[in-house]
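>>> Just a sequence and a predicted model for now, questions to come.
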Amino acid sequence: MMLSKYNYNESLKRFEPKEKRCGYCFQNESENINNYDFIKLYKVKDRTNFVVYRSLKYEEMMIGISRCNDCVEFHEEASRKSPILKYAIYLLILIFVLPVFGLKVFIVGMALSITLFFVLHKYAKKSKNPEERLTLKQGIASNETIQDLVIAGWIFDKPSA
């Protein structure tokens, strides 16, 4: 079976990795199972689509990737910054659209956008080298067991009828 590197936790109904080495930085050991990243995978068992009736049966599996404390902090920091950067980009677009309303607004908009760019650029810099650790998506994509499960027909999105 492809899940030989995992223990099944019956009470939590999830596969927990036996390997303690972090699956994101590949250097540190994970100290706490609560730091692990658990991903839900789905596999369609039976799908029926008639004009008047639809039915879908699927399996659900939760599988973990071990994470060290440093990677947990890195991922949490990235998830906190991502909405801020998204809205900052929206604000920058808005500021660049405003020149239609006059030169003063354009000059103020340019000054604000340049200031905002430098502030956000400084805020977005990582104190640790980002090449040393993987993002959540990269870690999931690089996990061999999850790759094997995807090849076997498991998917990340919950199927719908």
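Nice, I can see it. Computed from a predicted structure; not experimentally measured.
>>> show me where this structure has strands.
6-9, 14-17, 37-49, 54-65 (DSSP state E).
>>> Put together CSV for those, with distance to Ile151 on each row.
(Glycine included, C-beta is placed from N, CA and C.) Listed next are the strands of the chain as CSV, based on distance: least, C-beta to C-beta, whole Å:
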stretch, distance to Ile151
strand 6-9, 17
strand 14-17, 17
strand 37-49, 12
strand 54-65, 14
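>>> So for this structure, the centremost residue is which one?
Ranked by distance to the mean C-alpha position of the chain (C-alpha atoms, centre = their mean), the top residue is Leu136 at 4.3 Å.
>>> Now do the same contact list for the closest residue to that residue other than its chain neighbours.
Using C-beta to C-beta, 6 or more residues apart in numbering and skipping residues adjacent in sequence, the residue nearest Leu136 is His75, 5.7 Å away. By C-beta atoms under 8 Å, 6 or more residues apart in numbering, the contact set of His75 is Tyr24, Asp37, Arg67, Thr135, Leu136.
>>> Tell me how many other residues crowd Ser66.
Per other C-beta atoms under 10 Å, the neighbour tally for Ser66 reads 24.
>>> Tell me who's in contact with the residue nearest to it when sequence neighbours are not counted.
Once flanking residues are discounted, Ser66 sits nearest to Ser30: 4.2 Å by C-beta to C-beta, 6+ apart. The neighbourhood of Ser30, defined by C-beta under 8 Å, 6+ apart, consists of Lys20, Arg21, Cys22, Tyr36, Ser66, Arg67, Cys68.
>>> Highest neighbour count among those residues?
Neighbour-wise, the contacts of Ser30 (other C-beta under 10 Å) top out at Arg67, 27 neighbours.
>>> What separation is there between it and Gln147?
18 Å (C-beta to C-beta, to the nearest Å).
>>> Can you pull the poorly scored residue ranges out of the chain?
Filtered on pLDDT under 70, the chain yields the residue ranges 1-2, 90, 93-106, 109-110, 117, 120-131.
>>> quick one, longest helix in it?
helix 69-97 (DSSP state H).
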